[in-house]
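Trainee: heads up, no residue letters with this:
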């Protein structure tokens, strides 16, 4: 059997404010690290034009991806990381239908109007609500994203862990396991998958999103479509910690990883990927 490198299905370019590098630079970094398939997933947040990859940019990316892919011998998918915002489902659907995407990640970065992946507002959210309620609300926001059936996978379902590092207010998985299981069942019923987001290894969380306990719940509930990505916003993090996230996925009992074309998943046995 010919083994293939793990894909990186969560990469950001300078098309939105938080990215640092061009698509070509990201692709060159991926090829240099031995990757053979990546997905560019720039942000689309309907209410923030600094995080709104436009159709015009997507068309430029398509041409750039074709040139870089042929030159580097790497497959480059064009996707997006799209925030679900309650009340905006028709507008989001219209955007998703406006371009022939390969892959769409759904995100729930906003809870009670606050961006929970941003440090000052995340800490305020955790303090104002208390850890248990904050985790529950965050998972409920991801639940609404999954229920919409707009997305292929849900990004970092427990991103609230990113800034929950206060030793005076510890929280175990058991304290929010019920909300995690409810989200998992909604994802299963909606046919929405999840990503193993490896950026958490460089955060206070210290592991992938979702956590190992959460992965086991997702497996138990029968969520079958899984992708993996570094969530890199600059070239030095392309492909970072994919091996660690993949090991956690396998430890949780998952047997397949999904590869996408035109938003259609193909489940590939984990044995076919290099470790």
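Mentor: Structure's in. What do you need? All values derive from a computational prediction rather than experimental measurement.

Trainee: And the helices in this protein?
Mentor: Assigned by DSSP state H, the chain shows helices spanning 23-32, 55-72, 89-97, 119-129, 131-147, 177-190, 212-221, 242-251.

Trainee: show me the contacts for residue 95.
Mentor: The contact partners of residue 95, taken as CB atoms under 8 Å, 6 or more residues apart in numbering, are 44, 46, 82. All C-beta atoms are positioned from the backbone trio N, CA, C, and that covers glycine.

Trainee: Quick check: chain neighbours aside, which residue is closest to the last one?
Mentor: Among residues not flanking residue 82 along the chain, residue 44 sits closest, at 4.6 Å (CB to CB, 6 or more residues apart in numbering).

Trainee: Does that neighbour touch residue 84 like I think?
Mentor: No: if you go by CB atoms under 8 Å, residue 44 and residue 84 don't touch, sitting 10.7 Å apart.

Trainee: quick one, which of the helices of the chain is nearest to residue 110?
Mentor: Smallest distance to residue 110 across these (CB to CB): 7.2 Å, for helix 131-147.

Trainee: buried residues in stretch 113-123?
Mentor: 114-117, 121-122 (16 or more other CB atoms under 10 Å).

Trainee: no no, stretch 23-35
Mentor: So for stretch 23-35, counting by 16+ other CB under 10 Å, buried means 23-31, 35.

Trainee: Turn those residues into JSON lines, including distance to residue 99 and pLDDT.
Mentor: As requested, the buried residues of stretch 23-35 are arranged in JSON lines below (distance: CB to CB, whole Å; pLDDT from 0 to 100):
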{"residue": "23", "distance to residue 99": "15", "pLDDT": "98"}
{"residue": "24", "distance to residue 99": "20", "pLDDT": "98"}
{"residue": "25", "distance to residue 99": "22", "pLDDT": "98"}
{"residue": "26", "distance to residue 99": "19", "pLDDT": "98"}
{"residue": "27", "distance to residue 99": "19", "pLDDT": "98"}
{"residue": "28", "distance to residue 99": "24", "pLDDT": "98"}
{"residue": "29", "distance to residue 99": "25", "pLDDT": "98"}
{"residue": "30", "distance to residue 99": "22", "pLDDT": "98"}
{"residue": "31", "distance to residue 99": "25", "pLDDT": "98"}
{"residue": "35", "distance to residue 99": "24", "pLDDT": "98"}
